[in-house]
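Peer 1: sequence? don't have it. structure:
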């Protein structure tokens, strides 16, 4: 059996990787994909942290704003105390 060749008797080249023209484009696309994946993960972490903070505030643990409001009289209450 004869060895297969391309037209004009040029043997087919076997390359180990992508050509440079494709490799550069793939590298840019891969970098953009990784960057978008990192952004998505960061948004998810931020949303999870905000959700957890809201949950903790709703159940009363670590609710600093409510504690400050109870400790410190509001401006309305201060005006009423000054009038009396």
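Peer 2: Perfect, thanks for sending it. Computed from a predicted structure; not experimentally measured. Residues are numbered from 1 along each chain as shown.
Peer 1: residue 58 and residue 43, how far apart?
Peer 2: Taking Cβ to Cβ, to the nearest Å as the measure, residue 58 falls 22 Å from residue 43. The way it works is simple: take the backbone N, C-alpha and C, and place the C-beta from them, glycine included.
Peer 1: my bad, residue 57
Peer 2: Applying Cβ to Cβ, the value for residue 57 to residue 43 is 21 Å.
Peer 1: and if you look at residue 31?
Peer 2: 19 Å.
Peer 1: do the same with residue 56
Peer 2: Using Cβ to Cβ, one gets 20 Å for the distance from residue 56 to residue 43.
Peer 1: and the helix or strand containing residue 54, average pLDDT?
Peer 2: Taking DSSP states H and E as the definition, residue 54 sits inside helix 20-59. Across helix 20-59, the average pLDDT comes to 91.
Peer 1: tell me what it is packed against?
Peer 2: The elements that helix 20-59 packs onto, with contact taken as 3 or more Cβ pairs under 8 Å, 6 or more residues apart in numbering; DSSP states H and E, do not include any helix or strand.
Peer 1: hmm, 10 Å instead?
Peer 2: Applying 3 or more Cβ pairs under 10 Å, 6 or more residues apart in numbering; DSSP states H and E, one finds that helix 20-59 contacts helix 64-71.
Peer 1: after the helix it packs on, next one along is what?
Peer 2: Counting by DSSP H and E, the next helix or strand C-terminal to helix 64-71 is helix 75-83.
Peer 1: identify each buried residue in that next one, please.
Peer 2: Neighbour-count burial for helix 75-83, with 16 or more other Cβ atoms under 10 Å as criterion, is recorded at no position.
Peer 1: could you measure from residue 25 over to residue 39?
Peer 2: Look at residue 25 and residue 39: by Cβ to Cβ, they are 21 Å apart.
Peer 1: tell me which of residue 57 and residue 43 has more neighbours.
Peer 2: More neighbours surround residue 57 than the other of residue 57 and residue 43, with 14 against 10 (other Cβ atoms under 10 Å).
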